[in-house]
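In: Attaching a predicted model along with its sequence, questions to come.
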Amino acid sequence: MTETTNAYHDIDVPGLDGSNPLGYLAALGLLVELSATESAPIRMSWKICNGNWKPTLRVGPRVSPAEVSQLLAAQLRLNKCSSESGAALEAAVSTADKAHMSAKKRLKDALDDIKKRKLRGKERQQAIETETRPLVAEVNQKRTAWLQLLKESSPSPELALGKDPAAMQEHFRLTAQEIASDVLPKTRGSADLIAAFGCDAVVDPKSSKVRATSFCFVTGSGHQYFLENVRELLNCVDVERIQQALFSPQPHSDPKLSMRWDPIEDRRYAMMWSDPTSSGNEAKTNWALNLLAYRGLQLMPCVPKARRAATTGFSSHNQSLDWTWPLWSAWLTQNSVRTLLSLQELQDDEPPRAVLAPRGIVEVFRASRIQVGNPPLHKLNFTPPRSV
């Protein structure tokens, strides 16, 4: 049957701002997740509303804004671990994680002790062999037990990687292979996400861990971890939060659990009117937008490039690592958007508008990825975006 516009209707989404990295990624997540729930293709376009770029969905005739939120909640499998059995499994995961971390500390302490003794040659090698081999075996055993429990408790398969997209190479590869073996056109989300996390062909030689996506802004500082935050968000977000975030936007009021993609989260003293650490001035975010933005990474795969993992949309300009994203006026499906995001012309210092306009692109934004402070006590942020 030939598609006609009469078979569809349009839904404006006033809660998402296409000029903001968090809002834009959330719009991608909305498009991808909603597309997986409907047999008819879902389309999205952008238009200016009250001075801001807002997305509009073209959906089936029976889909209302309330149903959009309900479909998303079901697709995201929210609150899967909130039951009594789920809570017990989460507690077991936490216990196993602590046991794994304790074993790692004992191994590190043993290696530090050998180093302090300033042993050399065969004597040093023998000390490492006899004193650390049992500890290495214990670390591996505790890690295997933790990862198995993590897999059993994960509401989404890619979360079985652990706390961080930068997982150990072998574990990353095996998890990716297991996910890929069970992929269907409507259930490819986890496969696309693990492809967005990194590539097992690009590994840090010191840690043997996969080099993570440039979107990984939460790396352990403040005891916050990328994938741990996502697991928490899946338990905190509900239908009402999604409905409000998309269609009845309010000032951000949720504490913590941020993926740090909103430029407003750059809270340096020089950027604030008052002390950012004072009581009552804590950073706030929106949990629903962060969760949808995470799912938007499905359209942002990493690929090997020289000795690094190149993330879709990122490139260097004047010694700055920038993310560039397009807005479009045409009615595009997720597959068309996936192609649009990878256009090489977007990465030019000055993207050629005459070349991009025939493809439906009406605006291009760019934000820089910056590091504030020094590791391990550092923060990663986006700068305020600019039109390019």
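Out: Arrived safely.
In: list the helices and strands the longest strand along the chain packs on?
Out: Criterion DSSP state E: the longest strand present in the chain is strand 361-372. Packing partners of strand 361-372 (3 or more CB pairs under 8 Å, 6 or more residues apart in numbering; DSSP states H and E): strand 320-328, helix 353-356, strand 379-382, strand 386-387. No exception for glycine: its C-beta is placed from N, CA and C like everyone else's.
In: So which bits of stretch 94-113 are buried?
Out: Judged by neighbour count using 16 or more other CB atoms under 10 Å, the buried positions of stretch 94-113 are 96-97, 99-100, 103, 107, 110.
In: residues contacting residue 226?
Out: Applying CB atoms under 8 Å, 6 or more residues apart in numbering to residue 226 gives the contacts 163-165, 212, 216-219, 259.
In: Same list, these, but as TSV with neighbour count, secondary structure and pLDDT please.
Out: Converted to TSV, the contacts of residue 226 look like this (neighbours: other CB atoms under 10 Å; DSSP: H, G, I helix; E, B strand; the rest coil; pLDDT from 0 to 100):
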residue	neighbour count	secondary structure	pLDDT
163	19	coil	89
164	18	coil	91
165	27	coil	94
212	22	strand	95
216	22	coil	97
217	21	coil	96
218	24	coil	95
219	20	strand	90
259	25	coil	97
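In: CA atoms only: put stretch 137-157 into PDB for me.
Out: What follows is stretch 137-157, C-alpha atoms only, in PDB (Å, rounded to 0.1, in the frame of the first residue of the first chain):
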ATOM      1  CA  ALA A 137      43.600 -15.900  40.400                       C
ATOM      2  CA  GLU A 138      41.400 -14.400  43.200                       C
ATOM      3  CA  VAL A 139      40.800 -11.200  41.200                       C
ATOM      4  CA  ASN A 140      39.900 -13.200  38.100                       C
ATOM      5  CA  GLN A 141      37.500 -15.400  40.100                       C
ATOM      6  CA  LYS A 142      35.800 -12.500  41.800                       C
ATOM      7  CA  ARG A 143      35.600 -10.500  38.600                       C
ATOM      8  CA  THR A 144      33.900 -13.500  36.800                       C
ATOM      9  CA  ALA A 145      31.400 -13.900  39.600                       C
ATOM     10  CA  TRP A 146      30.600 -10.200  39.600                       C
ATOM     11  CA  LEU A 147      30.100 -10.100  35.800                       C
ATOM     12  CA  GLN A 148      27.900 -13.100  35.800                       C
ATOM     13  CA  LEU A 149      25.600 -11.600  38.400                       C
ATOM     14  CA  LEU A 150      25.700  -8.300  36.500                       C
ATOM     15  CA  LYS A 151      24.600 -10.100  33.400                       C
ATOM     16  CA  GLU A 152      21.700 -11.800  35.200                       C
ATOM     17  CA  SER A 153      20.500  -8.500  36.600                       C
ATOM     18  CA  SER A 154      21.000  -6.200  33.600                       C
ATOM     19  CA  PRO A 155      17.700  -4.800  32.200                       C
ATOM     20  CA  SER A 156      19.600  -4.300  28.900                       C
ATOM     21  CA  PRO A 157      22.300  -6.700  27.500                       C
END
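In: could you check the distance from the residue most central in space within the chain over to residue 257?
Out: Closest residue to the average C-alpha location of the chain: residue 294 at 3.9 Å, with CA atoms, centre = their mean. From residue 294 across to residue 257, the span is 11 Å (CB to CB, to the nearest Å).
In: Mutual contacts of these two, please.
Out: Going by CB under 8 Å, 6+ apart, residues that sit against residue 294 and also against residue 257 are residue 233.
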